[in-house]
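# What shape does this take:
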Amino acid sequence: MKRVMIVGGPGSGKSTLARQLGEATGLPVVHIDKIHWKPGWIERSTEEKTRMCREVHARPEWIFEGGHSRTWNDRAARADTLIWLDLPVGLRLWRVLRRWLAWRGRTRPDLPALCPEKLDAEFLGFILRTRVPNRNRVAQLIAQNPHLNVSHLRRPRDVRTYLSGWTSEAPDAAISY
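Purely as a prediction, here's the structure:
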């Protein structure tokens with residue numbers, strides 16, 4: 001395992017899993033939010049985000065968590081492992097609320113400077129309206145990349161089992177296709 005792609009909706013635990021897996025493997029971790037946003041919640045241009053993602057893809061090793069789905073095909077082509085955090089939307093909404101309460105007014109480690117945690121109706125709507133289209137997009141990505149070692153984790157217990165069973169090979173306890 002040298003290049004790991006972690007996908008899932010907001011609140012699914014992508015950043016946390018990436019950090020934990022990075023600690024277990026020694027692989028460098030890249031958070032998409034640090035590419036998507038500049039300090040002060042200023043969104044980068046699509047071109048700049050795409051360029052920065054491709055620079056990460058070109059590296060020999062990485063754990064890359066998050067979106068910018070325009071580059072998912074390139075990322076999947078380079079990845080050897082894909083972890084899909086497909087947790088229930090109610091749990092994800094609860095986690096987003098809990099994260100906001102814990103971090104409001106402060107910047108999380110997986111965000112750029114001057115991006116204090118925020119929560120608004122637009123973000124909550126995004127979580128709700130993108131669940132089905134994103135699930136379909138990930139399923140299609142998996143179908144188009146049979147070389148990937150895929151772990152489709154649907155419950156927090158699946159994630160814990162994946163981490164506890166991890167070795168330098170493929171994790172025996174992971175739920176895989």
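# Do a quick rundown of the strands in this structure.
3-8, 29-31, 37-38, 42-43, 62-65, 81-85, 149-153 (DSSP state E).
# Identify the residues contacting the residue located most distally from the centre of the chain.
Farthest-out residue of the chain from its mean C-alpha position, per CA atoms, centre = their mean: Gly105, at 23.0 Å. Under the criterion of CB atoms under 8 Å, 6 or more residues apart in numbering, the contact list for Gly105 reads 116-117. Quick note: C-beta positions are derived from backbone N, CA and C, even for glycine.
# would JSON lines of the strands of the chain with distance to Val56, mean neighbour count and mean pLDDT be doable?
Converted to JSON lines, the strands of the chain look like this (distance: least, CB to CB, whole Å; neighbours: other CB atoms under 10 Å; pLDDT from 0 to 100):
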{"stretch": "strand 3-8", "distance to Val56": "9", "mean neighbour count": "24", "mean pLDDT": "97"}
{"stretch": "strand 29-31", "distance to Val56": "5", "mean neighbour count": "21", "mean pLDDT": "96"}
{"stretch": "strand 37-38", "distance to Val56": "16", "mean neighbour count": "16", "mean pLDDT": "95"}
{"stretch": "strand 42-43", "distance to Val56": "18", "mean neighbour count": "10", "mean pLDDT": "96"}
{"stretch": "strand 62-65", "distance to Val56": "6", "mean neighbour count": "26", "mean pLDDT": "97"}
{"stretch": "strand 81-85", "distance to Val56": "15", "mean neighbour count": "24", "mean pLDDT": "98"}
{"stretch": "strand 149-153", "distance to Val56": "19", "mean neighbour count": "20", "mean pLDDT": "97"}
